[in-house]
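S.K.: Provided below are the primary sequence and the corresponding predicted coordinates.
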Amino acid sequence: MGLKHNVKFVAAAIAVMAATAAQAQDTVIKIGHSGPLSGAQAFSGKDNESGARLAVEELNAKPITVAGKKLKFELLSEDDQGDPKAGVAAAQKLIDNGVRFIVGPYNSGVTIPASRAYNDAGALVATVATNPKITQQGYKGLFRVNASDSQLGSKMALYAANVLKFKNVAVIDDRTAFGQGVAEEFKKQARASGMNVAGHEFTTDRAFDFNAILTKLKNKKVEAIFFGGYAPQAAPMARQMKQLGITAKLLGGDTICTAEMGKLGGESVGDNVLCSQGGAVLDKASAGPAFKARFKARFKKDPDVYAAAYYDATMLYAQGMQKSGSVDPQKVAAAISAGTYQGVAGNYAFDARGDMKESPVTIYTFKGGQPVPLSSY
């Protein structure tokens, strides 16, 4: 009995040692997420983080092997508060923790300074931030996994001119890198399409009272007001337009194409609001419905605007590691630049700057507080 017992004990010990050795051989890959996890935009930051988290969990459930070692993914998430200064501090924290693969930041104003820190550290960045300046910096490891302002703003202007047949419009922007960029692109295309831009007013991403600038635009009898900014400002703007008897449509970019806009705006947000969002409609994408079901099962809510893009960005890194046979960021970046990846939200192929070669834009309106697609082009 004693010998049998000893044999069993030794066998068990060997099994434990083998398992421990196998775990020790796993290569740990840290994925860093930077986004607004507190404040008015926290709903977007948490949604984006959940998209990345789902990808990490799925990669760990069916591990991939690179250079003979199993990869174990870890998500490290930092709250950049949607603030440039906090964004650079978040970047430094992730870099100091050995993170070399970043999903985010969400805001253009954060991405522009933070991407410099990531680039200097040799880290890769996959962002949905839309300001054209982001990819004009010349960083080889930076990829925009979404349409840019030039696409979002110009397609909204084309829709207003060609489909809605508007002649007289106005612009308001919140002076953030995103708001200013998308508003300028709308204005440029609006004029090129033969519309009159009757006024361009300015506010901030902390303001909630827009009565003075809205009254000024009401007197100009505009048919639409394009707002370059975020849902926490766009929703009260829609309410105040209704209170002032302004019948003009409220137009915007991807940041107002969110269920939060309907929630904050209530009955003031309906078919009077239109917005442009990068990517095709998730429900119509081949992998879209299955992704939505998995996301809802895991987080008990539907994915919002960019959860699928953050999921895709994480998977894009994993595929880059497999294709290059390496976890070295520069080799992974080269594989991403040279290849294509079919994700949930679209087909990812990048030009020399790191912009997507093709990024369809979908125009949405609102029904029952939810964004619903009108057309993609």
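M.R.: Cool, got the structure.
S.K.: residue ranges for the helices of the stretch 251-377 of the chain, please.
M.R.: Listed in chain order, the helices of the stretch 251-377 of the chain (DSSP state H, counting those that start in this stretch) span 259-265, 288-299, 307-324, 329-338.
S.K.: for T365, find the nearest of those.
M.R.: T365 lies closest, by Cβ to Cβ, to one member of the helices of the stretch 251-377 of the chain: helix 259-265, at 10.7 Å. Placement of C-beta: from N, CA and C, glycine included.
S.K.: what are the buried residues along that closest one?
M.R.: 259-262, 264-265 (16 or more other Cβ atoms under 10 Å).
S.K.: and the helices of the stretch 251-377 of the chain as JSON lines, adding mean pLDDT?
M.R.: Listed next are these as JSON lines, based on pLDDT from 0 to 100:
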{"stretch": "helix 259-265", "mean pLDDT": "94"}
{"stretch": "helix 288-299", "mean pLDDT": "96"}
{"stretch": "helix 307-324", "mean pLDDT": "97"}
{"stretch": "helix 329-338", "mean pLDDT": "97"}
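S.K.: out of these, which one sits most buried?
M.R.: helix 307-324 (a mean of 25; mean count of other Cβ atoms under 10 Å).
S.K.: now, which of the buried residues of helix 259-265 sits nearest A290?
M.R.: Among the buried residues of helix 259-265, A259 lies closest to A290 (Cβ to Cβ), at 20.4 Å.
S.K.: got the buried residues of helix 259-265 as a markdown table, with distance to S115 columns?
M.R.: Shown next, in a markdown table, are the buried residues of helix 259-265 (distance: Cβ to Cβ, whole Å):
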| residue | distance to S115 |
| --- | --- |
| A259 | 29 |
| E260 | 26 |
| M261 | 27 |
| G262 | 32 |
| L264 | 30 |
| G265 | 32 |
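S.K.: quick one: which of those residues is nearest to V125?
M.R.: Closest approach to V125 among those (Cβ to Cβ): E260, at 25.0 Å.
S.K.: now do the contacts for that closest one.
M.R.: 43-44, 231-232, 235, 304 (Cβ atoms under 8 Å, 6 or more residues apart in numbering).
S.K.: if we use 10 Å, what do you get?
M.R.: Going by Cβ atoms under 10 Å, 6 or more residues apart in numbering, E260 touches 40-44, 47, 230-232, 234-235, 304-305, 369.
S.K.: how close does V56 get to L71?
M.R.: According to Cβ to Cβ, to the nearest Å, V56 and L71 sit 11 Å apart.
S.K.: more neighbours: those two, which one.
M.R.: Comparing V56 with L71 by other Cβ atoms under 10 Å, the one with more neighbours is V56, at 22 against 19.
S.K.: check what pLDDT the more buried one gets.
M.R.: Looking at V56, its pLDDT reads 98.
S.K.: sec struct for it, please.
M.R.: helix (DSSP: H, G, I helix; E, B strand; the rest coil).
S.K.: my guess is it contacts P63. True?
M.R.: No: counting by Cβ atoms under 10 Å, V56 does not reach P63; the two are 11.5 Å apart.
S.K.: helix or strand: which one has Q180?
M.R.: helix 177-192 (DSSP states H and E).
S.K.: so which bits of that helix are buried?
M.R.: In helix 177-192, counting by 16+ other Cβ under 10 Å, buried: 177-187, 189-190.
S.K.: give the pairing partners of whichever helix or strand comes after it; include direction for each.
M.R.: Along the chain past helix 177-192, the next helix or strand (assigned with DSSP H and E) turns out to be strand 196-202. For strand 196-202, the paired strands and their directions (DSSP bridges) read strand 168-173 (parallel).
S.K.: now the longest strand along the chain: how far from the chain's centre is it?
M.R.: Selection of the longest strand in the chain by residue count, based on DSSP state E, yields strand 69-79. From the chain centre to the centre of strand 69-79 is a distance of 19 Å (Cα atoms, centre = their mean, to the nearest Å).
S.K.: got the CA coordinates for it in PDB?
M.R.: Extracted as PDB, the C-alpha positions of strand 69-79 are listed here (Å, rounded to 0.1, in the frame of the first residue of the first chain):
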ATOM      1  CA  LYS A  69       4.300  29.500 -26.600                       C
ATOM      2  CA  LYS A  70       0.700  29.900 -25.600                       C
ATOM      3  CA  LEU A  71      -0.400  33.500 -25.200                       C
ATOM      4  CA  LYS A  72      -2.300  34.600 -22.100                       C
ATOM      5  CA  PHE A  73      -3.900  38.000 -22.500                       C
ATOM      6  CA  GLU A  74      -4.500  40.500 -19.700                       C
ATOM      7  CA  LEU A  75      -6.500  43.700 -19.900                       C
ATOM      8  CA  LEU A  76      -5.200  46.700 -18.000                       C
ATOM      9  CA  SER A  77      -7.700  49.600 -18.100                       C
ATOM     10  CA  GLU A  78      -7.000  53.300 -17.200                       C
ATOM     11  CA  ASP A  79      -9.400  56.100 -16.800                       C
END
